[in-house]
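Student: Take a look and give me a structure for this.
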Amino acid sequence: MARTRLSFGWAWIALSLAVAIHVTDEALTDFLSVYNPTVREIRGRLPWLPLPTFTFRVWLTGLILGIVALLILSPLAFRRTRWLTVPAYLFAILMMANGLQHLLGSVYLHRLMPGVYSSPLLLAGSTYLMLSAWNERRLPSRHAEQSIER
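Tutor: Numbering: from 1, shown residues only. Below is the predicted model of the structure:
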């Protein structure tokens, strides 16, 4: 059971670091030069859809702060904080969709999209976190284990 306890924490860190690598990949391959014009075009067709455009500094700062926040939560994953499994599923699903979007967009457009190189890391990290969160939900809670030990 000790191995499973650590698995959720390591899975959380693995996906958080995969996101950090992915953001670096996007920054180095000029993601915003594709993203911002796409958003403007979508807004032209669907003006009610609130999609933001970003400057590089705002985009990068927001993502760095988000990654730091994810890493700050990692001790909770190592402590098997049960409520964290719900955000873990959401995090994993969003990052899986992100990774798939880069890969499928590259296939559809017949060119490598910014962020495509690190997309497999997002898919692997997302799968690892989803499986770890699922296993975590199946285990008895930490509090139940402590009361059984007494």
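
Student: Identify the residue nearest D25 in space, chain neighbours excluded?
Tutor: S118 (4.0 Å; C-beta to C-beta, 6 or more residues apart in numbering). Quick note: C-beta positions are derived from backbone N, CA and C, even for glycine.

Student: Would you confirm that that neighbour contacts L17?
Tutor: No - taking contacts as C-beta atoms under 8 Å, S118 lies outside contact range of L17: 10.6 Å.

Student: How about the backbone phi and psi for the residue nearest to D25?
Tutor: phi -100, psi 0 (degrees, to the nearest 10).

Student: Could you report the neighbour count for it?
Tutor: 21 (other C-beta atoms under 10 Å).

Student: what do you get for I64?
Tutor: Neighbourhood size, I64 [other C-beta under 10 Å]: 12.

Student: re earlier: identify the residues contacting the residue nearest to D25.
Tutor: S118 makes contact with 18, 21-22, 24-26, according to C-beta atoms under 8 Å, 6 or more residues apart in numbering.

Student: That one and P87, how far apart?
Tutor: 22 Å (C-beta to C-beta, to the nearest Å).

Student: One more: I93?
Tutor: 11 Å.

Student: Need phi/psi at the spatially most central residue of the chain.
Tutor: The centroid of the chain falls nearest to M95 when counting by C-alpha atoms, centre = their mean (3.9 Å). Dihedral pair for M95: phi -70, psi -30, per degrees, to the nearest 10.

Student: what do you get for L49?
Tutor: Per degrees, to the nearest 10, the backbone of L49 is at phi -80, psi 120.
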